[in-house]
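**Student:** Task: produce atomic coordinates for the following.
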Amino acid sequence: MAFREKIVWAAFVTTLLVWGSYFAVVIYKLTVSATHDMLLFWLFIAATVAQAAMMAATAAIAALMAPGDAAAPPDERDRMLGQRASGVAYFVVLLAIVAVIVWMHVGLRGVNVIFALIGVFILGEAVRFGTKAIGYRTGS
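**Tutor:** Residues are numbered from 1 along each chain as shown. Below is the predicted model of the structure:
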């Protein structure tokens with residue numbers, strides 16, 4: 001597996017694990033009580049730091065294993081996969097934003113709008129990383 005592919009897979013997996021866990025807690029807290037507390041803010045900070053630390057560690061290990069690949073600029077295939085993945089993610093984000101807007105018209109209010117928009121952003125990143133990782137695996 002090439003350096004850039006390892007990084008993309010690491011980003012995809014850490015996004016799913018870290019932010020999936022975060023939103024599981026958010027949804028659980030929402031079902032238990034209708035109010036949000038500062039715990040969710042601190043969990044957000046912790047999730048951000050955790051993903052950054054995991055990605056830094058993964059990038060450092062991958063760069064140590066293949067220093068030549070780490071220093072190489074992206075080739076045509078890397079750029080093409082990135083463009084395709086960004087296009088797919090953009091479409092998903094547009095649909096998710098429309099869904100949040102519709103949801104706001106039928107009852108989504110207050111802080112929950114913020115959580116929904118954070119979810120849209122994370123969903124877009126997960127789709128982008130996943131699309132790019134699958135592109136590396138399928139060779140397209």
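**Student:** where exactly do the helices run in the chain?
**Tutor:** 3-14, 20-32, 38-65, 67-71, 76-105, 111-138 (DSSP state H).
**Student:** if you compare these, which one is most tucked away?
**Tutor:** Among the helices of the chain, ranked by average contacts under mean count of other C-beta atoms under 10 Å, first place goes to helix 3-14 (a mean of 20). C-beta coordinates here come from the backbone N, C-alpha and C atoms, glycine included.
**Student:** Tell me which other helices or strands that helix touches.
**Tutor:** Using 3 or more C-beta pairs under 8 Å, 6 or more residues apart in numbering; DSSP states H and E as the contact criterion, the elements in contact with helix 3-14 are helix 38-65, helix 67-71, helix 111-138.
**Student:** Name the residues that touch the helix or strand of the chain with the lowest mean pLDDT?
**Tutor:** When the helices and strands of the chain are scored by mean pLDDT, DSSP states H and E, helix 67-71 comes last with a mean of 85. By C-beta atoms under 8 Å, 6 or more residues apart in numbering, the residues outside helix 67-71 that reach it are 2-4, 59, 62-63.
**Student:** ok, residue 87 to residue 124 distance?
**Tutor:** The gap separating residue 87 from residue 124 is 11 Å, by C-beta to C-beta, to the nearest Å.
**Student:** now do residue 83
**Tutor:** Here residue 83 is placed at a distance of 15 Å from residue 124 (C-beta to C-beta).
**Student:** hang on, the earlier thing: export the contacts of helix 67-71 to CSV and tack on distance to residue 108 and pLDDT?
**Tutor:** As requested, the contacts of helix 67-71 are arranged in CSV below (distance: C-beta to C-beta, whole Å; pLDDT from 0 to 100):
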residue, distance to residue 108, pLDDT
2, 42, 85
3, 41, 89
4, 38, 91
59, 37, 93
62, 40, 91
63, 43, 92
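**Student:** Now tabulate these in a markdown table and tack on distance to residue 96.
**Tutor:** Shown next, in a markdown table, are the contacts of helix 67-71 (distance: C-beta to C-beta, whole Å):
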| residue | distance to residue 96 |
| --- | --- |
| 2 | 31 |
| 3 | 31 |
| 4 | 27 |
| 59 | 28 |
| 62 | 31 |
| 63 | 33 |
